[in-house]
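[1] Predicted coordinates and the sequence they were generated for:
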Amino acid sequence: MTGTSLKNNTFVFIDTSALFALVNRSDADHERARQCLSSLSNDNTTLVISNFILSETYTLILYKIGRTTALQVVNGLFETCELERVSEDDEEHAWRIINDFDDKDFSYVDATTFAVMTRLGITKAFSFDEHFNQYPPVQRIPEL
């Protein structure tokens, strides 16, 4: 997918917060995450993930749930999602986002996600992270 422009809404970027909610049955958003994923699957939506989100997700699940689950989730992501690597240009764009939105506390991973989404023309993100509501080009799903 690298270098491809995806100018339609059949692609949705998936964030760590959604992945963790899907895996963690005690997460407050677990059921909403399951319903959203089911809806996206029924719509034949392609889920896109970056290598940074993959790393963040693996680490979060590793420390919060355990290695076996972390490996299962990441292996499943390789099979079900399109992996898009964060480029050097994306990282430069991420720093511009962080500096331009000085009233927001976007993480570096969030900012790289916004940069990758912009590059690919993806406007929807499956996320429970409020920061995805604070970056104007992004529409967070599920909506509140």
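    Now that the structure is in, tell me what you want to look at.
[2] quick one: the helices in this structure?
    Along the chain, counting by DSSP state H, helices occupy 16-23, 30-42, 51-64, 67-80, 88-100, 108-120, 131-134.
[3] Going by neighbour count, list what's buried in the shortest one.
    Think helix 131-134. Of all the residues in helix 131-134, those buried under the rule 16 or more other CB atoms under 10 Å are His131, Phe132, Gln134. (C-beta placed from N, C-alpha, C; glycine too.)
[4] could you dump the residues you listed to a markdown table with pLDDT?
    Shown next, in a markdown table, are the buried residues of helix 131-134 (pLDDT from 0 to 100):
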| residue | pLDDT |
| --- | --- |
| His131 | 96 |
| Phe132 | 96 |
| Gln134 | 95 |
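[5] Output those in TSV; the columns should cover distance to Thr123.
    Output for these, formatted as TSV (distance: CB to CB, whole Å):
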residue	distance to Thr123
His131	15
Phe132	11
Gln134	15
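[6] Closest one of these to Ser17?
    Phe132 (8.5 Å; CB to CB).
[7] how close does the residue positioned nearest the centre of the chain sit to Leu77?
    Nearest to the mean C-alpha position of the chain, by CA atoms, centre = their mean, lies Asp15 at 2.2 Å. From Asp15 across to Leu77, the span is 12 Å (CB to CB, to the nearest Å).
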